[in-house]
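Asker: Got a predicted model here, sequence first, then my questions.
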Amino acid sequence: MSTIVNVKNLSKTFKVKIQKSGLKGTFKSLLKPEFNISQAVKGISFQIEKGERLAFIGPNGAGKSTTIKVLTGILHPDGGEVNVLGHIPWKDRQKLSFKTGAVFGQKPQLWYHLPPGDTFELFGKIYEMDGHVYKKRVAELVDLFEITPFINTPVRQLSLGQRMRCEMVAALLHNPEVIFLDEPTIGLDVVSKKSFRELIREMSEREHVTILLTSHDVGDIEKLCKRVIIINEGTLVYEGQVSTLKRTSMNRKIVGVRFGDIPPEELPLEGCKIVKRGKYGLKLETDNKICPIRKLMDYLIGNFEIEDINVADPPLEEIIGAIYNEGVTAVTRDA
C-alpha cells in the first residue's frame, strides 16, 4: 500500500487572551493585552496508508480537532510537514477539497429544509461533476445506503439514522479518496449504529476509500478500524493495532468461572478479586503480573468442581481510559 497522508513533527500553538476583571482590568486588556500560549499539538508524526481505516482518538482538548483542521487546510501549523494526497493542505485547500470528504455527527452539511436529493444536486454542481457521471454516482450511493424511500423528504423530517445515511452520500458524491468521520454514530440507537457501521465498512472495502475516524464510541473503533492512534495533551501516546492495544496495554484480565456447586465466598489469591457473584458463577478480575492466569487456573481446578472458565481482556473503553489517566510519557508503537 502507498502512503497518502504523511505528518512529520506537526506543531500548533494558540495565543489565548487573558481576560482581566473589573473596569480597570478591561481597559488594561484593551490598551496592553496579555496572552497565554497554549500548545495544542506537540511535534506529532504519523502516516496513513491508502485504503486504511484509522482511528484517531483522545480526550477532549487532546489536539484531535486541531490536527484534523491542519490536515484539511483549515489551520496553518507553526512547525512540521504535512502532505495529504500530494498536497500541502493549507496551500492547496481548494484542490484538496475535491479529493476529500467529511461527515461530522454534530455539524450537518445537508440543507435542513430541503430534501437530500436537492443538496446532492447542489454538491454535484459545486464539485463540477458531469451530468451523466453525477446521475450514475447518485444512483450507486442511493442503492448502497438504501435511502430511496426518503431521498425526497425534507431533512428536518428525517430520523437521525436516516439523516446520517444521507450525510454519507453527500460526503462520497465526488468520489473522494479520503473521508474524515467525526463522531459519525453519535446519538444513534444500537440497531442504527450497527447498520451504519456495516455500511461504512462495505463502502470502504468496495471503493478503497481511506477513513480517518474520530469517535468517543469504542464500538466505532472496534468495528471499523484495525489501527488506532491515541493522542493526549498534544502528544501521541499510542500508535498500533487495536488488537495489540487490547492484548498488551493492560495486565488486567476478566475471568468468568462457572462452578459445579455454590462458589466460594472469597479466593485467597493476591491480585485476584471477585467483582460479581451469581448462584453458580463468579466474575473475577486479576492482575496478570501478581496473579498469572496459569496460577489462577491451577488453583480453581485443584480446589473446585469447575464446569466452565473463560478469560477475556477488559473492555477497550477501560484500556483507553487507563492510557489517558497514565499521562504522557513516550509514544508506544507496536511492531
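Answerer: Cool, the structure landed.

Asker: OK, contacts around the residue nearest to S215 when sequence neighbours are not counted?
Answerer: Distance criterion Cβ to Cβ, 6 or more residues apart in numbering; nearest residue to S215, sequence neighbours excluded, is E183 at 5.5 Å. No exception for glycine: its C-beta is placed from N, CA and C like everyone else's. E183 sits next to F104, G105, Q106, T214, S215, H216, D217 when contact means Cβ atoms under 8 Å, 6 or more residues apart in numbering.

Asker: Generate the PyMOL command that creates a selection of the buried members of the residues you listed.
Answerer: Remark: buried members of the contacts of E183, expressed as a PyMOL selection using 16 or more other Cβ atoms under 10 Å:
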select buried, resi 104+105+214+215+217
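
Asker: chain center to stretch 83-102, what's the gap?
Answerer: Relative to its parent chain, stretch 83-102 has a centroid offset of 21 Å by Cα atoms, centre = their mean, to the nearest Å.

Asker: And it, what's buried?
Answerer: Quick answer for stretch 83-102 (16+ other Cβ under 10 Å): N83, V84, L85, H87, P89, W90, L96, S97, K99, T100, G101, A102.

Asker: Kindly format the C-alpha coordinates of it as PDB.
Answerer: C-alpha atoms of stretch 83-102 as PDB (Å, rounded to 0.1, in the frame of the first residue of the first chain):
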ATOM      1  CA  ASN A  83       1.300  16.100   2.900                       C
ATOM      2  CA  VAL A  84      -2.200  14.800   2.100                       C
ATOM      3  CA  LEU A  85      -2.700  13.200  -1.300                       C
ATOM      4  CA  GLY A  86       0.300  15.100  -2.700                       C
ATOM      5  CA  HIS A  87      -0.900  18.400  -1.400                       C
ATOM      6  CA  ILE A  88       0.200  20.800   1.400                       C
ATOM      7  CA  PRO A  89      -3.300  21.300   2.900                       C
ATOM      8  CA  TRP A  90      -3.200  25.000   3.800                       C
ATOM      9  CA  LYS A  91      -1.600  25.900   0.500                       C
ATOM     10  CA  ASP A  92      -3.900  23.700  -1.800                       C
ATOM     11  CA  ARG A  93      -7.100  23.700   0.200                       C
ATOM     12  CA  GLN A  94      -9.400  24.100  -2.700                       C
ATOM     13  CA  LYS A  95      -7.700  21.300  -4.800                       C
ATOM     14  CA  LEU A  96      -7.700  19.000  -1.700                       C
ATOM     15  CA  SER A  97     -11.400  19.600  -1.000                       C
ATOM     16  CA  PHE A  98     -12.100  17.900  -4.400                       C
ATOM     17  CA  LYS A  99     -10.300  14.800  -3.100                       C
ATOM     18  CA  THR A 100     -11.600  14.500   0.400                       C
ATOM     19  CA  GLY A 101     -15.000  14.300   2.100                       C
ATOM     20  CA  ALA A 102     -16.200  14.700   5.700                       C
END
